[in-house]
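1. Compute the structure for the input listed below.
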Amino acid sequence: MAFLAWTLTIRSSAAAVVLAVGAALTLLGALAAARVRREGWAFTGTAAAIALAVATLFAALFPNVLPSTLDAAGTLTATNAAATPYTLKIMTWVAVVFTPIVLAYQGWTYWVFRKRIGVAHIPQH
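-> Numbers count the residues shown, from 1 in each chain. Down below sits the predicted model:
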């Protein structure tokens, strides 16, 4: 939140400020939920705070991705950072091949480790 506040002091827009306030409120809500042991709501609030923080940075910096402090000509913009069509085609085929493999592996590990263990399952020496 401190980094977002610092970013908004340098570059901000109305949308960025609204998103930053939303990020701060959801983070406070997540902390409150964690305090009363509502882990599901705490996780949801934390995930929303992270998503809103990223959206805040995007709204504050757009169209720049990485602003240069030395020379405006050296700023990395969204257009400059975009991948070429050939790169996107390769990335698509890699995702088509490897995403099912990763999902199958994750499913297998979930199936193997699906049962909880307790003290009774620890062998005595």
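
2. Would you state the strands of this protein in chain order?
-> 64-66, 76-77 (DSSP state E).

3. for the chain, longest helix please?
-> Determined from DSSP state H, the single longest helix within the chain is helix 85-112.

4. what distance separates that one from the middle of the whole chain?
-> Chain-centre distance of helix 85-112: 19 Å, with CA atoms, centre = their mean, to the nearest Å.

5. Stretch 13-26 now?
-> 16 Å.

6. swap in stretch 78-97?
-> 20 Å.

7. pull the CA atoms of it into CSV?
-> Taking C-alpha atoms only, stretch 78-97 is exported to CSV below (Å, rounded to 0.1, in the frame of the first residue of the first chain):
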residue,chain,number,x,y,z
ALA,A,78,2.7,-0.9,-23.8
THR,A,79,3.2,-0.7,-27.6
ASN,A,80,7.0,-1.1,-27.3
ALA,A,81,6.6,-4.0,-24.8
ALA,A,82,4.2,-6.0,-27.0
ALA,A,83,5.3,-9.3,-28.4
THR,A,84,5.5,-9.9,-32.2
PRO,A,85,2.8,-12.0,-33.9
TYR,A,86,5.4,-14.8,-34.4
THR,A,87,6.2,-14.9,-30.7
LEU,A,88,2.6,-15.0,-29.8
LYS,A,89,2.1,-17.9,-32.2
ILE,A,90,4.9,-19.9,-30.6
MET,A,91,3.7,-19.1,-27.1
THR,A,92,0.2,-20.3,-28.0
TRP,A,93,1.4,-23.7,-29.3
VAL,A,94,3.6,-24.1,-26.2
ALA,A,95,0.6,-23.4,-24.0
VAL,A,96,-1.6,-25.8,-26.0
VAL,A,97,1.0,-28.6,-25.5
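
8. Count the neighbours of residue 39 for me.
-> The number of residues packed near residue 39 is 9, by other CB atoms under 10 Å. C-beta here means a position set from N, CA and C on the backbone, and glycine is covered the same way.
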